[in-house]
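Trainee: A predicted structure for the sequence below; I have some questions about it.
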Amino acid sequence: MAMPFRQNVRLGRYLLKQKLLRREKFPLLVELEPLFACNLKCAGCGKIEQPAALLKKRMPVEQAVAAIEESGAPMVSIAGGEPLMHKEIDEIVRQLLARNKIVFLCTNALLMPKHLHKFKPHRNFSWMVHVDGLKDRHDLSVNKEGGFEGAIDAIKMAKAAGFRVMTNTTFFSNDSPQNVIGVLDYLNDVVEVDNMQISPAYAYQKAPDQEHWLGVTETRELFAKAFANGRRRKWRLNHSPIFLDFLEGKRDLACTAWGIPSYSLLGWQRPCYLLDDGYAATYKELIEETDWDAFGRGKDPRCANCMAHCGYEPTAVIATLGSLKESVRAAVGR
Ligand code: SF4
Ligand code: SF4
């Protein structure tokens, strides 16, 4: 895993604690969505189709922090919507960092230049910038001319100001292995971001684009070709080797949907960030009253093509930290 060593140690300690406490289900990371509004309209987005009244709402700081505290998760990924449209997003970040959480702030980066001064570099804080491909590909995906240049300029500005910057890239069925190689080479070698995340697009029922979802076989072929010839080792990917093996079809994994739960304006989303089977008011209720065994490939038809990070990286991380061999592999990034 190309995560910073310190964060791996922290996660390892957290997992050991869960084992000692004999907890069967626990969150590794919470996807926090303090708003659904966004300044973009991406074709593959399932979030911005919410009713207008909900798009206007913002989660109070205390509510966001209390939800994370209740869950006990060591890491928080703040998304939305576009979190920089939340007036108190900097305060949410500050309060989570003060509670020793590892925080990723996910953004399409277009508002970053305007808001960067509200944040300070911190060893537990990273910007996570959404970059779906090189210029034409990204601009098409986010439905905005100049979206790519805006994101890259914002990344450079944040890096120059001393921030840790990561990227998150989603691939669709109209991406070729060369698209994957092109954007990851560029982010890794030219922009020199700290780490990169990748994900096959999940087939959101609410997204406007319903044509370009990847099936399992297509996902495996795409990543097997893109990762060939030692490229996978060269890129600073923020994933465990087991998850990358899974993406390129070298091994299969079961979904661990409870590992990365999602908390939004609507509550704790059942069972995961991608499906929408109602909401629980508390984390305790989510864990205790969700039929976790009903989800995953082969169990729920909506999970049939899902190979998303939120379901399968927790499985991979738990398998990694439970095995000395896999831990060593992760430490050296193989
Ligand atoms: S930037 Fe993110 S939240 Fe905004 S429309 Fe695109 S995918 Fe949705
Ligand atoms: S496989 Fe897991 S992560 Fe994917 S949609 Fe189903 S429950 Fe959610």
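Mentor: Arrived safely, thanks for sending. Ligands and ions are numbered 1, 2, ... in the order given.
Trainee: what packs against the top helix by length along the chain?
Mentor: Counting residues, the longest helix found in the chain (DSSP state H) is helix 5-20. Packed against helix 5-20 by the contact rule (3 or more Cβ pairs under 8 Å, 6 or more residues apart in numbering; DSSP states H and E) you find helix 309-321, helix 324-331. (Each C-beta comes from the backbone N, C-alpha and C, glycine too.)
Trainee: What angle do helix 5-20 and the first one make with each other?
Mentor: Put plainly, it is helix 309-321. 80 degrees (axes from the mean of the first three to the mean of the last three Cα atoms, to 10 degrees).
Trainee: so what strands line up beside the longest strand seen in the chain?
Mentor: As assigned by DSSP state E, the longest strand anywhere in the chain is strand 164-171. Sheet pairing of strand 164-171 (DSSP bridges) gives strand 125-130 (parallel), strand 195-200 (parallel).
Trainee: just how off-centre is that strand within its chain?
Mentor: From the chain centre to the centre of strand 164-171 is a distance of 9 Å (Cα atoms, centre = their mean, to the nearest Å).
Trainee: counting contacts, what elements does the helix or strand that it is followed by pack onto?
Mentor: Sequence order places helix 177-185 as the next helix or strand after strand 164-171, per DSSP states H and E. When contacts are defined as 3+ Cβ pairs under 8 Å, 6+ apart, helix 177-185 packs onto helix 135-142, strand 164-171, strand 195-200, helix 216-227, helix 231-234.
Trainee: would you list those in CSV and tack on mean neighbour count?
Mentor: Below are the helices and strands packed on helix 177-185 laid out as CSV (neighbours: other Cβ atoms under 10 Å):
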stretch, mean neighbour count
helix 135-142, 20
strand 164-171, 23
strand 195-200, 21
helix 216-227, 19
helix 231-234, 16
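Trainee: Any idea which of those gets closest to L96?
Mentor: strand 164-171 (15.2 Å; Cβ to Cβ).
Trainee: Is any residue of that closest one near ligand 1?
Mentor: No. Shown here: strand 164-171 not in contact with ligand 1 (Cβ under 6 Å from any ligand atom), separated by at least 8.1 Å.
Trainee: now the angle from that strand to helix 216-227?
Mentor: Using the same axes, to 10 degrees: strand 164-171 against helix 216-227 is 130 degrees.
Trainee: Dump the C-alpha coordinates for strand 164-171 into CSV.
Mentor: Provided in CSV are the C-alpha atoms of strand 164-171 (Å, rounded to 0.1, in the frame of the first residue of the first chain):
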residue,chain,number,x,y,z
ARG,A,164,-0.4,16.8,0.6
VAL,A,165,-2.4,16.3,-2.6
MET,A,166,-3.9,13.0,-3.8
THR,A,167,-6.1,12.4,-6.9
ASN,A,168,-9.1,10.1,-7.5
THR,A,169,-9.8,8.9,-11.0
THR,A,170,-12.9,7.0,-12.0
PHE,A,171,-12.8,4.9,-15.2
